[in-house]
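Trainee: pasting the structure only:
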Ligand SMILES: Nc1ncnc2c1ncn2[C@@H]1O[C@H](COP(=O)(O)OP(=O)(O)OP(=O)(O)O)[C@@H](O)[C@H]1O
Ligand SMILES: [Mg+2]
């Protein structure tokens, strides 16, 4: 799935956040998006998945094209079924009363076959086997993050967009999630991950987009972009170990 933005801009009521963003994420890319806190990464992700302009208040200018079609002209459910999204805060995503039902929800919504098998597989992939009957509210923050990822994996979307999916996970869980993403990408899925940890981007992503104050300041190969010590220093972003 290809996602393209053309002179994209966005303002929340009273606050301008994104300005003149023109990027192209090609089908099969593994893209990392990084930038300092408040630079607009989450807002950009909302534009890529259609939450903006469909569900979030504000003013959008320019356009976002998914496989050439303007997101304004697609319904939210159509967009969500093709590009899975994992929220930065799992509490914004989870609303079911059991782990099983949370993963089942999206599937039922899309009338998918083999639901039970898919639910079991997805929970097992993220290491939540045995948690199906738990109440999501009682899970740890990291376990909730895993649950949100499982919900999206179960739907087997063409593209997956994740907003800091491993921010509260231990090293092993983080590696597990990133290796799942790598496998999905190798199977042809488009992966877009917002990530503060530039070491992870350097290791896993094929390209990286650096955002500052709502605009793209650099987009290219991690080895070129993340070795730019001057730029990263100015933005307060860590130069990955690999490029020091
Ligand atoms: N609903 C909202 N209403 C008004 N302003 C908002 C809203 N959501 C975010 N903002 C503002 O938009 C700017 C960009 O926020 P955003 O969440 O996109 O940044 P971010 O790069 O994802 O930050 P972080 O790394 O902390 O997650 C911030 O100045 C933030 O205060
Ligand atoms: Mg964010």
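Mentor: Right, received. Where do you want to start? Remember, it's a predicted structure, so these values are computed and weren't measured experimentally. Residues are numbered from 1 along each chain as shown. Ligands and ions are numbered 1, 2, ... in the order given.
Trainee: Name the surrounding residues that touch stretch 90-98.
Mentor: The contact list for stretch 90-98 (Cβ atoms under 8 Å, 6 or more residues apart in numbering) reads 86-87, 102, 104-105, 132-136, 141, 144-145, 147-148, 151. C-betas here are computed from N, CA, C, even on glycine.
Trainee: So which of the residues you listed belong to strands?
Mentor: The strands, defined by DSSP state E, take in residue 86 from the contacts of stretch 90-98.
Trainee: Among the contacts of stretch 90-98, list the two that are farthest apart in space.
Mentor: 87 and 133 (23.5 Å; Cβ to Cβ).
Trainee: Which one of these two is surrounded by more residues?
Mentor: Using other Cβ atoms under 10 Å as the criterion, residue 87 and residue 133 rank with residue 87 on top: 21 against 9.
Trainee: OK, contacts around that one?
Mentor: 93, 148, 163.
Trainee: mind running it again at 10 Å?
Mentor: Shown in contact with residue 87 (Cβ atoms under 10 Å, 6 or more residues apart in numbering): 42, 45-46, 51, 93-94, 145, 148, 152, 161-165.
Trainee: now swap in residue 202 and tell me
Mentor: If you count contacts by Cβ under 10 Å, 6+ apart, residue 202 has them with 32, 208, 222, 223, 225, 226, 227, 239, 240, 241, 242, 243.
Trainee: And the helices in this structure?
Mentor: 41-49, 51-54, 76-82, 99-109, 115-125, 141-154, 171-186, 198-204, 222-225, 229-235 (DSSP state H).
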